[in-house]
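A.B. asks: I would like the atomic coordinates for the input below:
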Amino acid sequence: MNCLLILTLMNSKLVFTCHAPVDLFSFFKNGINELFHPAGPPVVRNNIIRNGTCAGGEIEIFTTWNYANIPENLSKMDHNIQKLEKYSGIHTSEFSPKISKEPMNFDGKFGVKYSIKYLTSSCDRVRLFVRKAVSWGTDISRARVRCECEPIIVLTKS
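C.D. replies: Numbers count the residues shown, from 1 in each chain. Take a look at the predicted model:
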């Protein structure tokens, strides 16, 4: 039986790990990423790999804008997020290389749901960004953050 020997440097010590069984033909044909991570690469954050259902999260931001103007509202939201990134020093690209968004109707008001498949930042950092969006944004009434498998946080203007 063949095994794939992996060398890792942990706490200034070299650790040898044997992952068995490994079909070496498949390994060299398909590459290590496809062999060990067929659903996409896991997130590596502070030397911790997060994979599966707890790897990502969602951010829902609710505004005071009328829901009927979806393209205009999405454009305004993008502009406000860019301004917030500039002033807060936190960029959404830290959270994940790919964040999808979709408009939401919340009692006739416009909202956006941002979905993050793999989070590459800490949940605290995501919550800090959203907290600043709610407190600084004049048109943002509330937000909801689901991050990894931590409890859902709802932020509202006081």
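
A.B. asks: Put the alpha carbons of the longest strand along the chain into CSV.
C.D. replies: If you go by DSSP state E, the chain has its longest strand at strand 57-66. C-alpha atoms of strand 57-66 as CSV (Å, rounded to 0.1, in the frame of the first residue of the first chain):
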residue,chain,number,x,y,z
GLY,A,57,-21.2,32.9,6.0
GLU,A,58,-23.7,35.4,5.0
ILE,A,59,-24.2,39.2,5.5
GLU,A,60,-27.6,40.7,5.0
ILE,A,61,-27.7,44.5,4.9
PHE,A,62,-31.1,46.3,5.0
THR,A,63,-31.5,49.9,3.9
THR,A,64,-34.2,52.6,3.9
TRP,A,65,-34.3,52.6,0.1
ASN,A,66,-37.4,51.6,-1.9
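
A.B. asks: tell me which strands and helices that strand is in contact with?
C.D. replies: helix 70-88, strand 99-106, strand 109-116, helix 123-136, strand 140-147 (3 or more C-beta pairs under 8 Å, 6 or more residues apart in numbering; DSSP states H and E). To be clear about C-beta, it is placed using only N, CA and C from the backbone, and glycine gets the same treatment.

A.B. asks: Hmm, residue 62 is touching residue 140, no?
C.D. replies: Yes - look at residue 62 against residue 140 with C-beta atoms under 8 Å: they come within range, at 7.1 Å.

A.B. asks: By mean pLDDT, which helix or strand of the protein comes out lowest?
C.D. replies: Here the helix or strand of the chain ranked lowest by mean pLDDT, DSSP states H and E is helix 32-36, holding a mean of 43.

A.B. asks: And for residue 73, the neighbour number?
C.D. replies: 20 (other C-beta atoms under 10 Å).

A.B. asks: ok now do it, which residues does it touch?
C.D. replies: By C-beta atoms under 8 Å, 6 or more residues apart in numbering, the contact list for residue 73 reads 63, 65, 67, 103, 110.
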